[in-house]
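>>> Turn this into a structure:
(2 chains)
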Amino acid sequence: MVDLKLLETEIDAVLEIETTDTLLNWLYEKRISDMKKRFGNGLFKTLSGNNTIENKKFMNDVVVLKLQPFNNIVPCNDNSLFCYDLAA
Amino acid sequence: MYHTQEKRNVPLEKAIACIEDNAWLGEGYYFWYDEQDAIFWGLKFKRKTGYFDIYRANVFSSNILDTVFNEEHYLFWLRQIEKAAKNFVVKTGTKPTLKEINDYFKDKGFWIKFDGILFQDISNNPQHFFVKEFQYKKRIQLVVYNYDIISNFAIHYEGKCV
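Numbering: from 1, shown residues only, chains lettered A, B, ... in the order given. Predicted structure coming up:
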């Protein structure tokens, strides 16, 4: 059986060194990776108009998936990360 | 332990891993502890063909995190989830989703150290309880991460969705 005390120490250590930036980066990469698995590679653009993929201020912004042939970009009503119109 | 799937023309030789985003403990092979829960799951959620199959298997491992019957394991599990979730809230401003917390634990290699995790919630099967308004029975599931601990996987019951 896994040594729970040792595992807890390891988990605590990981959480301790996790900064806001590293966690947001992890979340960002995870979401982009999940979207690419579903829809393939494509352009990502924020609704605010910033079209750089380096823009990682996505928690309060919305990253919109712009992927050929899906050209329609629809506004998100909630705080979700991705908005896309699959009907396009 | 019991594994519920859609009915197939050729019975499965191996359990199928669940990769749904809302899987409670991430990607793994899910089994029911109680046969009645496995059947109820088939009746409710495996309806595409109108029939479902219940498979039975033996699962043996001394490396399962037992959050159902082992108090130490349960308290450990509770602490880790809440610490990680609170970390998300403090550092990102929002609660993690079920998928995000599972992905986090998976990517950091935490839960994968176990062969599986036994966990519970409460059944909403109205036939499950013989006392009115008293949900005294646990609905127990096992998620298996290491398929090597599963043996004698075979079809057990064929059900019809009603």
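>>> isn't B:Ala84 right up against A:Asp12?
No. B:Ala84 is beyond contact range of A:Asp12, at 10.3 Å (criterion: C-beta atoms under 8 Å). Bear in mind the C-beta positions are built from the backbone N, C-alpha and C, glycine included.
>>> okay, those two: which has more neighbours?
B:Ala84 (20 against 13; other C-beta atoms under 10 Å in any protein chain shown).
>>> which stretch of helix or strand covers the more buried one?
helix B:71-92 (DSSP states H and E).
>>> which parts of whichever helix or strand comes after that helix are buried?
Where DSSP H and E defines the elements, the next helix or strand beyond helix B:71-92 is helix B:98-107. Residues of helix B:98-107 classed as buried by neighbour count (16 or more other C-beta atoms under 10 Å in any protein chain shown): B:Lys99, B:Glu100, B:Ile101, B:Asn102, B:Asp103, B:Tyr104, B:Phe105, B:Lys106.
>>> and helix B:98-107, does that touch chain A?
Yes. Using C-beta under 8 Å from any C-beta of the partner chain, helix B:98-107 comes into contact with chain A via B:Glu100, B:Asp103, B:Tyr104, B:Asp107.
>>> can these go into JSON lines with extra columns for distance to B:Lys48 and pLDDT?
Below are the residues of helix B:98-107 next to chain A laid out as JSON lines (distance: C-beta to C-beta, whole Å; pLDDT from 0 to 100):
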{"residue": "B:Glu100", "distance to B:Lys48": "29", "pLDDT": "84"}
{"residue": "B:Asp103", "distance to B:Lys48": "27", "pLDDT": "86"}
{"residue": "B:Tyr104", "distance to B:Lys48": "32", "pLDDT": "91"}
{"residue": "B:Asp107", "distance to B:Lys48": "32", "pLDDT": "88"}
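>>> which one of the residues you listed sits closest to chain A?
B:Asp103 (5.8 Å; C-beta to the nearest C-beta).
>>> so what's the closest one up against?
By C-beta atoms under 8 Å, 6 or more residues apart in numbering or on different chains, the contact set of B:Asp103 is A:Lys30, B:Gly26.
>>> In the chain, what helix or strand scores lowest on average pLDDT?
Going with chain A. Lowest by mean pLDDT, DSSP states H and E among the helices and strands of chain A is strand A:63-66, with a mean of 44.
>>> Not quite, go with chain B.
Bottom-ranked secondary element of chain B by mean pLDDT, DSSP H and E: helix B:98-107, a mean of 86.
>>> Beyond it, next helix or strand please.
strand B:116-122.
>>> Spell out whether that following strand and chain A are in contact.
No. If you take C-beta under 8 Å from any C-beta as the test, strand B:116-122 misses chain A, and the best it gets is 11.1 Å.
>>> try stretch B:26-45
No. Stretch B:26-45 lies out of reach of chain A by C-beta under 8 Å from any C-beta, never closer than 12.6 Å.
>>> same question for that stretch, mean pLDDT?
Averaged across stretch B:26-45, pLDDT comes to 92.
>>> Please state the offset of it from the chain centre?
Mean C-alpha position of stretch B:26-45 versus that of the full chain (C-alpha atoms, centre = their mean, to the nearest Å) differs by 7 Å.
>>> ditto for stretch B:80-100
21 Å.
>>> With adjacent residues omitted, what lies nearest to the residue of chain B found nearest chain A?
Residue of chain B nearest chain A, by C-beta to the nearest C-beta: B:Lys91 (4.3 Å). Leaving aside its chain neighbours, B:Lys91 sits nearest to A:Thr20 (4.3 Å; criterion: C-beta to C-beta, 6 or more residues apart in numbering or on different chains).
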